[in-house]
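Visitor: this one's structure only:
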């Protein structure tokens, strides 16, 4: 096998097979969480790699449901969406921040640049649904970690709202920059009562 052919096979593996494996694992974990109350971990008790929530983003598709894991290490992000350690937990005042691949490994944030102001990001935990709505976005260099501050990009500010930050590589197939989507908590519902169907509708 020539070096060129090997490279093509490696790229195909990266773009296809890692998606197959990650998406199958994501489906298994979501099914387990939904079907077994004992599978849930309370957000304030999570350890690195634990799945403690389900992320739904209607703009990404009616069936988009991915587990949220604690941490953003390489191993965690190869499984799916990761919660930045040290940022706020779902629903809390401050910055609840997540990261996900845009290509490969299930590419959970592949369409992050399609998010519109007002779009819903729904976080399901053991006890509650947290409904965030997108408020805007920006493209930044990878070194601009200030987007993860309690008040994004404002080092000296004291948080007063429950904010959301989503991060992924930009542009697609490149890690040259980061695409950042911001949001704010809009509503909270007890998990026992469910979430209004209207919250899962895509507007526009």
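Guide: Sure, I can see it. It should be emphasised that the depicted structure is a prediction, and the values quoted were computed from it without experimental measurement.
Visitor: any chance you could map the helices in the protein?
Guide: 3-12, 18-35, 74-77 (DSSP state H).
Visitor: which stretch in these has the least confidence?
Guide: Among those, helix 3-12 has the lowest mean pLDDT, at a mean of 55.
Visitor: Tell me who's in contact with residue 17.
Guide: With contact set as C-beta atoms under 8 Å, 6 or more residues apart in numbering, residue 17 has no partners. Backbone N, C-alpha and C define where each C-beta goes, glycine included.
Visitor: check contacts around residue 160.
Guide: Contact partners of residue 160, counting by C-beta under 8 Å, 6+ apart, are residue 93.
Visitor: For residue 149, see how far away it is.
Guide: 14 Å (C-beta to C-beta, to the nearest Å).
Visitor: and if you look at residue 42?
Guide: With distances taken as C-beta to C-beta, residue 42 is found 25 Å from residue 149.
Visitor: the more surrounded of the two?
Guide: For residue 42 against residue 149, the residue with the higher neighbour count under other C-beta atoms under 10 Å is residue 149, and the figures read 19 against 12.
Visitor: Isn't that one up against residue 163?
Guide: No: using C-beta atoms under 8 Å, residue 149 is not in contact with residue 163, being 9.7 Å away.
Visitor: Name the residues contacting each of the two.
Guide: Applying C-beta under 8 Å, 6+ apart, one finds that residue 149 and residue 163 are jointly contacted by residue 95.
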